[in-house]
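**Student:** A predicted structure for the sequence below; I have some questions about it.
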Amino acid sequence: MPMTRTLELARQLIERPSLTPDDALCQALIIERLQPLGFVCETIVSGPDDFRVTNLWAKRPATREDAPLLVFAGHTDVVPTGPLDQWQSDPFTPTLRDGRLYGRGASDMKTSIAAFIVALEEFLAANPEPALAIALLLTSDEEGPANDGTVVVCQALQARGEKLDYCIVGEPTARSRSGDMIKNGRRGTLSGRLTVKGVQGHIAYPRLAKNPIHLLAPALAELTTIEWDKGNAFFPPTSWQVSNIHGGTGASNVIPGSVVVDFNFRFCTESAPEALQARLQAVLQRHALDFDLTWVLGGRHFLTTPGTLVQAVADAICSATGIETELSTTGGTSDGRFIASICPQVIELGPPNASIHKIDEYVELSDIAPLKNIYRGILENLHTQSAA
C-alpha cells in the first residue's frame, strides 16, 4: 500500500510514546499542521506537578459570525503497553504487517486524529472560506483519571461563552469496518461504596456479635431484582452491578465487624443519578442497616437524537463506503460526556475497536482512507447545509 498522508501522520503520532498524561509532543506536531490552515492554537496545561496534562483548543473562525462550529475531539494519550516481550514489534515503532498498521494508539485513537487532520487539509484546500467554523479539542488525559483533560477545556470554553454546535469524537466505534457503527450517546456511570457495620466477635458465639454480611444479604438480594427503568428506543435499561465485596479478618473463626461493597450503575436517560441514589438508600434504610455510603458520579448520560449531525454523518459514511450505519449507545464512557454539557449534538465515530488496549494493537490499512473520507464528507455536508 502506498504511504498516504493519513498513514504517514498516524505513524508519526504512534512513534511518540504518549502514555497518560505525557503528550510526548503529539499536539505540537498537530499544531504544525493546523497553523498554516488558519487555526489559532491554544495550549491549556492543567493538573498537579506530578501529573501535568496537555490540552489543545485550536479554532479556525468562519467569515460569518453566525456560522455553526464543528469540533473534532479526541486524545493523544494512550494506555500502557503491557509486557513488551508479548508484542510482535515495538509498540512505539509503527509497523506495517499483514495489511495492518501496528502500534500502541493505532486504533485508539491516533489514526482518527491523523484522518481528521488530512480531511481538514483537503476540505480547506477545496473550500478556503467555508460556511463553518472548525475546531479541535485534544487532551492527554482521556485514558487516565480525566480530571484535567477535556473537562477542563469545556469549563474554560463555557466560561468564555464559546458556543459549540456539532462535535465528532474520534473514538474507535466500528465493529468490522469504519463507519458501520457510530455512537450517538452513552450511558452515565455512577459508582458507590457501601459500608455496613456490625459487631465483630467469635464465630462460636454469634449472639455476642452482629454479622454485617448476614444483615446485608436480604437488602443485597432485593437490589439485584429491582427494575430501575425500562430503557428506551436508544438505551437498554439501567443496570446495577456489584464489583467487589470485602469483609472479614481472614480468620475462619471471626465474625467481621463490617462489610464493604463496591457497586456501579450504568444509567440511561430514563433515570437521573439523584433518583437512583435515593432509591438505593431507601432499600438500605428499610432493612434497618447501620451503614455509610459514598458516591462518585463518573459521568452523566448524553444522547444525540437523529437530526442535522446524525444525518450529515450517516450520509458521509454511505457516500464513502456504501454502508448504512448503525446508531448505538453501547460501551463505556468517553470524553463525549463532558462535551455534551456544552454541545447539543455529539457523535463518536472512528475505526474498528477490536484491538484497542490489547497487545499488538492495530488498525487495518483498508480502514484508514475510508475514515479520512468520512470525516471530509461530514465537513462537506455541514458546509453545504450551512451555506444554503
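**Tutor:** Looks like it came in fine. Numbers count the residues shown, from 1 in each chain.

**Student:** Look up how far residue 46 lies from the closest residue to residue 326 other than its chain neighbours.
**Tutor:** Residue nearest to residue 326 in three dimensions, not counting chain neighbours: residue 181, with 4.8 Å by Cβ to Cβ, 6 or more residues apart in numbering. In this view, the C-beta of every residue, glycine as well, is placed from N, C-alpha and C. With distances taken as Cβ to Cβ, to the nearest Å, residue 181 is found 32 Å from residue 46.

**Student:** Low-confidence stretches in this protein?
**Tutor:** 1-2 (pLDDT under 70).

**Student:** Would you map out the domains in it?
**Tutor:** 5-186+301-387, 188-299 (automatic domain parsing).

**Student:** and residue 366, how many residues sit next to it?
**Tutor:** 12 (other Cβ atoms under 10 Å).

**Student:** Could you say which helix or strand holds it?
**Tutor:** Applying DSSP states H and E as the criterion places residue 366 in helix 365-387.

**Student:** by contact count, what packs against that helix?
**Tutor:** If you count contacts as 3 or more Cβ pairs under 8 Å, 6 or more residues apart in numbering; DSSP states H and E, helix 365-387 packs onto helix 5-14, strand 69-75, strand 100-102, helix 111-126, strand 166-169, helix 308-321.

**Student:** and with 7 Å instead?
**Tutor:** Helix 365-387 sits against helix 5-14, helix 111-126, helix 308-321, with contacts defined as 3 or more Cβ pairs under 7 Å, 6 or more residues apart in numbering; DSSP states H and E.

**Student:** Can you say which of those is packed in most?
**Tutor:** helix 111-126 (a mean of 23; mean count of other Cβ atoms under 10 Å).

**Student:** That helix vs strand 69-75, what angle?
**Tutor:** Put simply, helix 111-126 runs at 150 degrees to strand 69-75, going by axes from the mean of the first three to the mean of the last three Cα atoms, to 10 degrees.

**Student:** Show me the contact partners of whichever helix or strand comes after helix 111-126.
**Tutor:** Scanning forward in sequence from helix 111-126 by DSSP H and E, the next helix or strand is strand 133-139. Here strand 133-139 makes contact (Cβ atoms under 7 Å, 6 or more residues apart in numbering) with 27, 30, 34, 53, 55-62, 67, 69-76, 120, 149-150, 153, 335.

**Student:** Near residue 361, how many other residues are there?
**Tutor:** 26.

**Student:** give the contact list for it.
**Tutor:** Residue 361 neighbours (Cβ under 7 Å, 6+ apart): 102, 103, 104, 106, 107, 355.

**Student:** Please verify my assumption that the fifth one contacts residue 360.
**Tutor:** No - using Cβ atoms under 7 Å, residue 107 is not in contact with residue 360; the gap is 10.9 Å.

**Student:** Looking at those two now, which is surrounded by more residues?
**Tutor:** Between residue 107 and residue 360, residue 107 has the larger neighbour count (other Cβ under 10 Å), namely 28 against 18.

**Student:** Quick check: phi and psi on the spatially most central residue of the chain?
**Tutor:** Nearest residue to the geometric centre of the chain (Cα atoms, centre = their mean): residue 334, 1.4 Å. Torsion angles at residue 334 (phi, psi; degrees, to the nearest 10) stand at phi -150, psi 180.

**Student:** Same check on residue 228?
**Tutor:** phi -70, psi -40.

**Student:** tell me, how many neighbours does it end up with?
**Tutor:** For residue 228, using other Cβ under 10 Å, the count is 19.

**Student:** next one: residue 388
**Tutor:** 6.

**Student:** Use 31 as the first number from now on
**Tutor:** Let's use 31 as the start, then, which means that last one is residue 418.

**Student:** So it versus residue 411, what's the distance?
**Tutor:** 11 Å.

**Student:** Enumerate every residue touching residue 62.
**Tutor:** Applying Cβ under 7 Å, 6+ apart, no residues qualify as near residue 62.

**Student:** Helices of this protein, residue ranges please.
**Tutor:** Secondary structure of the chain (DSSP state H): helices located at 35-44, 56-64, 141-156, 180-189, 242-255, 303-316, 338-351, 366-369, 395-417.

**Student:** Reformat those helices as JSON lines; add distance to residue 274.
**Tutor:** As requested, the helices of the chain are exported to JSON lines (distance: least, Cβ to Cβ, whole Å):
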{"stretch": "helix 35-44", "distance to residue 274": "35"}
{"stretch": "helix 56-64", "distance to residue 274": "35"}
{"stretch": "helix 141-156", "distance to residue 274": "34"}
{"stretch": "helix 180-189", "distance to residue 274": "26"}
{"stretch": "helix 242-255", "distance to residue 274": "13"}
{"stretch": "helix 303-316", "distance to residue 274": "16"}
{"stretch": "helix 338-351", "distance to residue 274": "38"}
{"stretch": "helix 366-369", "distance to residue 274": "24"}
{"stretch": "helix 395-417", "distance to residue 274": "37"}
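
**Student:** Out of the ones you listed, the one nearest residue 286 is which?
**Tutor:** Smallest distance to residue 286 across those (Cβ to Cβ): 6.3 Å, for helix 242-255.

**Student:** Could you check the closest one and say which residues are buried?
**Tutor:** Along helix 242-255, these residues count as buried under the neighbour rule (16 or more other Cβ atoms under 10 Å): 242, 243, 245, 246, 249, 250, 253.

**Student:** which residues does residue 223 contact?
**Tutor:** Applying Cβ under 7 Å, 6+ apart, the residues contacting residue 223 are 290, 292, 324.

**Student:** 6 Å instead?
**Tutor:** Taking Cβ atoms under 6 Å, 6 or more residues apart in numbering, we find residue 223 in contact with 292, 324.

**Student:** hang on, the earlier thing: identify the contacts common to residue 137 and residue 390.
**Tutor:** Residues touching both residue 137 and residue 390 by Cβ under 6 Å, 6+ apart: none at all.

**Student:** and the closest residue in space to residue 259 that isn't next to it in sequence, how far is that from residue 364?
**Tutor:** Residue nearest to residue 259 in three dimensions, not counting chain neighbours: residue 300, with 3.9 Å by Cβ to Cβ, 6+ apart. The gap separating residue 300 from residue 364 is 20 Å, by Cβ to Cβ.
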